[in-house]
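1. this is the structure alone, sequence omitted:
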């Protein structure tokens, strides 16, 4: 018994070490040299080697020596070639997965980072001036000064926190509710316990200081320039906000009655209450000379050429609001609807009841979760969500968990075949699904599937929602000469539309459907590039003093999560589902921040990210 107990303790100790190691790997900072990172991963594999086979035991050591010489700048192209051949030999002759996987790791790095290897060999340095950056700031698409506003929250300066967020992101409230918080994924606090709840702290700040009551930065003197923006979604409104602060006149055109785009018409009220979104929009429209033209569809109510001729620059922030359909029989049947269209109808009050309906839904992204949870709130009898692969579940974990708690039923390894319609009513009657089995992984690490020998599966439903992507309505712009490819507007890294002087574009209509924070980042970049195009170099300054950073004792502390209403309560209506963070939780959570903007590598100097 003592021996068993000792082994148990040893296993527990190993598990603890592995947990801490995983957190360290997860916290690798952005900006690290990829070759250095791959060498670290190789050394992990070397330490796992049992030493019985020569390729793994001796070969990995030799590969590590070659990598070291490449990093030191003492290697030539011949060394890289030898390392490739050695890695191929190890992958083919090792006795177990330790050597095989380690060799494939190096071969993958040679393929993915060929330019880095070339730079190290020829220039004896990384391809760019690689340096460890502040993870949360770097991974926020808008590069918001996150440590700065967390420090302001700690000092109970909530208005200052909102103003600092607005320096990079004019939607502090909307993002506090719906942002996918990529900033948390590499938080260095994970080295101690868990990442900082950045979105939760932002939500606490906007709860304490409503955005429309917080002063905007002082507007620059009028430049006499006019910029027209087509699309009043997060990208278009963000561009309008910064351009107006720079002193330009901005006119916004949108086909909807109210501004907001998919934030208003694509995100359900239980996630983002419209009154909360309006707080941000009121502040944006008050930032300067901004004129909003609602119920105005470009190409119908006004021509693109007319807008272009009356403007010094034009920004196309069209978004991607058209839900995709699938090329299968019966897709035009009654009660078959794309998820984006379904959510828009609900937001406009045109669809209010699904009582007694059996709803089937194809897709596994965030839009699919929104549609499924909305159907639950419309009193659907059942809601089933189907995907072909587990990898198709791309929604954030909390959205999937929330959907499960509210009664959405998840079915995986079923590929969608076709729709069976009622001949008399032309309405959906059932869908046919083919059972799948998992297969090999593809080159991107995604598991592939193949048809099972089981017969196709017939699933009865009264309503089918297709959450299989969205596209942009570009027809009228293509007719006006705007270049597109596969339904997306062609624009360069500076947001300039290819071959069209003075026309810029960004967000979902360029990249394809993405998140709100990515659209906001695109609008911000476009605003500054439009300003440069017009011959200016304005900066948006905020009068906020960041508190002094104090040493953090790094005492392991639990992460304060945003609490939810009980699932049985929240699924009954569209009221907000999140409960406010308490003062004590906010103070403790903000106190967990390690202030990477001040301590360690990547510290912000002087202008705090303006460089």
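-> Arrived safely. Predicted model, so just to flag it, every value in this text is computed and none were measured. Numbers count the residues shown, from 1 in each chain.

2. and the helices in the stretch 151-300 of the chain, which stretches?
-> 158-166, 172-178, 198-208, 234-245, 262-265, 274-285 (DSSP state H, counting those that start in this stretch).

3. tell me the most buried of these?
-> A comparison of those by mean neighbour count, using mean count of other Cβ atoms under 10 Å, puts helix 234-245 on top with a mean of 30. Placement of C-beta: from N, CA and C, glycine included.

4. that helix to helix 158-166, inter-axis angle?
-> With axes from the mean of the first three to the mean of the last three Cα atoms, to 10 degrees applied, the angle from helix 234-245 to helix 158-166 works out at 110 degrees.

5. name the helices or strands packed onto helix 234-245?
-> strand 226-230, strand 249-253, helix 274-285, helix 516-533 (3 or more Cβ pairs under 8 Å, 6 or more residues apart in numbering; DSSP states H and E).

6. work out the gap between the longest one and the centre of the chain.
-> The reference is to helix 516-533. Averaging C-alpha positions (Cα atoms, centre = their mean, to the nearest Å) puts helix 516-533 17 Å from its chain's average.

7. next, the angle strand 226-230 makes with that helix.
-> Using the same axes, to 10 degrees: helix 516-533 against strand 226-230 is 150 degrees.

8. just give me the residue closest to the centre of this protein.
-> residue 515 (5.0 Å; Cα atoms, centre = their mean).

9. for the nearest residue to that residue once chain neighbours are set aside, grab phi and psi.
-> The spatially closest residue to residue 515, leaving aside those adjacent along the chain, is residue 180, at 5.4 Å (Cβ to Cβ, 6 or more residues apart in numbering). Note on residue 180: backbone dihedrals following degrees, to the nearest 10 are phi -80, psi 0.

10. what about residue 180, how many residues nearby?
-> 19 (other Cβ atoms under 10 Å).

11. quick one on the thing from earlier: out of the helices and strands packed on helix 234-245, flag the one nearest residue 437.
-> Closest of the helices and strands packed on helix 234-245 to residue 437 is helix 516-533, at 34.9 Å (criterion: Cβ to Cβ).

12. quick revisit: quick one: closest of the helices and strands packed on helix 234-245 to residue 399.
-> Proximity to residue 399 (Cβ to Cβ) singles out helix 516-533 among the helices and strands packed on helix 234-245, at 13.9 Å.

13. now for the closest one, which elements pack on it?
-> Under the contact criterion of 3+ Cβ pairs under 8 Å, 6+ apart, helix 516-533 touches helix 172-178, helix 234-245, strand 313-316, strand 503-505, helix 508-511.

14. need the helices and strands packed on helix 234-245 in TSV (columns: mean pLDDT and distance to residue 310).
-> Converted to TSV, the helices and strands packed on helix 234-245 look like this (pLDDT from 0 to 100; distance: least, Cβ to Cβ, whole Å):
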stretch	mean pLDDT	distance to residue 310
strand 226-230	97	7
strand 249-253	97	9
helix 274-285	97	21
helix 516-533	96	16
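
15. let's have these in TSV, adding distance to residue 82.
-> Converted to TSV, the helices and strands packed on helix 234-245 look like this (distance: least, Cβ to Cβ, whole Å):
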stretch	distance to residue 82
strand 226-230	56
strand 249-253	59
helix 274-285	57
helix 516-533	42
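
16. of all those, which lies closest to residue 400?
-> For residue 400, the closest of the helices and strands packed on helix 234-245 is helix 516-533, at 18.6 Å, according to Cβ to Cβ.

17. pull out the buried positions in the helix or strand following that closest one.
-> The first helix or strand that comes after helix 516-533 along the chain, using DSSP states H and E, is helix 567-570. Neighbour-count burial for helix 567-570 flags 567, 570 (criterion: 16 or more other Cβ atoms under 10 Å).

18. now do stretch 79-99
-> Neighbour counts using 16+ other Cβ under 10 Å place 79-80, 83-84, 86-87, 90-91, 94, 98-99 of stretch 79-99 among the buried residues.

19. among those, which one lies nearest to residue 455?
-> residue 91 (40.3 Å).

20. am I right that the residue nearest to the centre of the chain is in contact with residue 181?
-> No. Taking contacts as Cβ atoms under 8 Å, residue 515 lies outside contact range of residue 181: 10.1 Å.

21. how near is the residue nearest to residue 440 when sequence neighbours are not counted to residue 412?
-> For residue 440, ignoring the flanking residues on the chain, the nearest one in space by Cβ to Cβ, 6+ apart is residue 448 at 5.7 Å. According to Cβ to Cβ, to the nearest Å, residue 448 and residue 412 sit 14 Å apart.

22. same question for residue 39.
-> Using Cβ to Cβ, we find residue 39 at a distance of 37 Å from residue 412.

23. more neighbours: those two, which one.
-> Higher neighbour count among residue 39 and residue 412: residue 39, with 20 against 17, using other Cβ under 10 Å.

24. can you pull the contacts of the more buried one?
-> Neighbouring residues of residue 39 by Cβ atoms under 8 Å, 6 or more residues apart in numbering: 64, 67-68, 71.

25. among these, who's most crowded?
-> Busiest of these [other Cβ under 10 Å] is residue 67, holding 25 neighbours.

26. ok, now how distant is that one from residue 547?
-> 42 Å.

27. so which bits of the longest strand along the chain are buried?
-> When the chain is scanned for its longest strand (criterion: DSSP state E), the result is strand 428-441. Neighbour counts over strand 428-441 (16+ other Cβ under 10 Å) mark 428-434, 436 as buried.

28. give the partner strands of that strand in its sheet and their orientations.
-> Its sheet considered, strand 428-441 pairs with strand 414-421 (antiparallel), strand 447-451 (antiparallel), strand 457-460 (antiparallel) by DSSP bridges.

29. give the next helix or strand downstream of the last one.
-> On the C-terminal side of strand 457-460, the nearest following helix or strand under DSSP H and E is strand 463-466.

30. helix or strand next in line after that following strand, which one?
-> strand 470-471.

31. which residues are in contact with that next one?
-> With Cβ under 8 Å, 6+ apart as the criterion, strand 470-471 contacts 320-324, 338, 340, 367, 487, 508, 513.

32. what's the answer for stretch 449-456, then?
-> 388-389, 413, 415, 417, 432-439.

33. again with stretch 401-411
-> In contact with stretch 401-411 (Cβ under 8 Å, 6+ apart) are residues 369, 372-373, 376, 382-387, 393, 400, 564, 567, 570-571, 577.

34. any idea how far it is from the chain center?
-> In terms of Cα atoms, centre = their mean, the centre of stretch 401-411 is found 22 Å from the chain centre.

35. straight-line length of it, end to end?
-> 14 Å (Cα to Cα, to the nearest Å).

36. show me which residues of that stretch are buried.
-> Buried residues in stretch 401-411, counted by 16+ other Cβ under 10 Å: 402-403, 406, 408.

37. quick check, pLDDT for the nearest residue to residue 347 once chain neighbours are set aside.
-> Distances taken as Cβ to Cβ, 6+ apart put residue 265 closest to residue 347, at 4.9 Å, once the chain neighbours are dropped. On pLDDT, residue 265 comes in at 94.

38. same check, this time on residue 515
-> 93.

39. contacting residues around residue 415?
-> By Cβ under 8 Å, 6+ apart, residue 415 lies in contact with 388, 433-434, 436, 449, 451.

40. name the nearest of the residues you listed relative to residue 532.
-> Taking Cβ to Cβ as the measure, residue 532 lies nearest residue 388 of these, at 45.4 Å.

41. and the closest one, which of the three is it?
-> Classification of residue 388 using DSSP: H, G, I helix; E, B strand; the rest coil returns coil.

42. ok, it to residue 412 distance?
-> In terms of Cβ to Cβ, residue 388 sits 8 Å off from residue 412.

43. tell me the pLDDT of the residue nearest to residue 316 when sequence neighbours are not counted.
-> In space, residue 316 comes closest to residue 505 once its chain neighbours are excluded; the distance is 3.9 Å by Cβ to Cβ, 6+ apart. pLDDT for residue 505: 96.

44. thank you, goodbye.
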